[in-house]
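Enquirer: no sequence on hand, only this structure:
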């Protein structure tokens, strides 16, 4: 029992390795679903199945839209800084 407990606690000391391929983005979906469910559970006034599901789905969608918008903005900024800005700084106008 002690060995099992030690190895279980030890597994939390090393982070899970997630690669940077497009399939690893799918790990975002359960995280966003959990955040939406827990947030709506603490904030909803009355717990009715249909209204809870509808509000949770709306929150899930809005979080995903915000994450995609933020990723596109950050990608654009990185593209400008790494690709376009050095070319502009190299060309002299004097």
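Expert: Okay, I see it. Since the model is a prediction, treat every value here as computed from it, not as a measurement.
Enquirer: wait, residue 63 sits on residue 37?
Expert: No: applying CB atoms under 8 Å, one finds residue 63 not in contact with residue 37, separated by 11.5 Å. (Glycine included, C-beta is placed from N, CA and C.)
Enquirer: find the least confident helix or strand in the protein, judged by mean pLDDT.
Expert: Lowest mean confidence among the helices and strands of the chain (mean pLDDT, DSSP states H and E): helix 85-90, at a mean of 70.
Enquirer: mind listing the strands for the protein?
Expert: Counting by DSSP state E, no segments of the chain form strands.
Enquirer: contact partners for the residue most central in space within the chain?
Expert: Ranked by distance to the mean C-alpha position of the chain (CA atoms, centre = their mean), the top residue is residue 28 at 5.1 Å. Residues counted as contacts of residue 28 (CB atoms under 8 Å, 6 or more residues apart in numbering) are 64, 67.
Enquirer: what about residue 37, how many residues nearby?
Expert: By other CB atoms under 10 Å, 15 other residues sit near residue 37.
Enquirer: now it: how far from residue 76?
Expert: 32 Å (CB to CB, to the nearest Å).
Enquirer: please apply the same query to residue 60.
Expert: Residue 60 is 25 Å from residue 76, where distance means CB to CB.
Enquirer: the two - which one has more neighbours?
Expert: Taking other CB under 10 Å, residue 60 and residue 76 do not tie; residue 60 has more neighbours (18 against 10).
Enquirer: so that one sits against residue 34, correct?
Expert: No: taking contacts as CB under 8 Å, residue 60 lies outside contact range of residue 34: 9.9 Å.
Enquirer: quote the end-to-end distance of stretch 40-52.
Expert: Start-to-end span of stretch 40-52 (CA to CA, to the nearest Å) is 7 Å.
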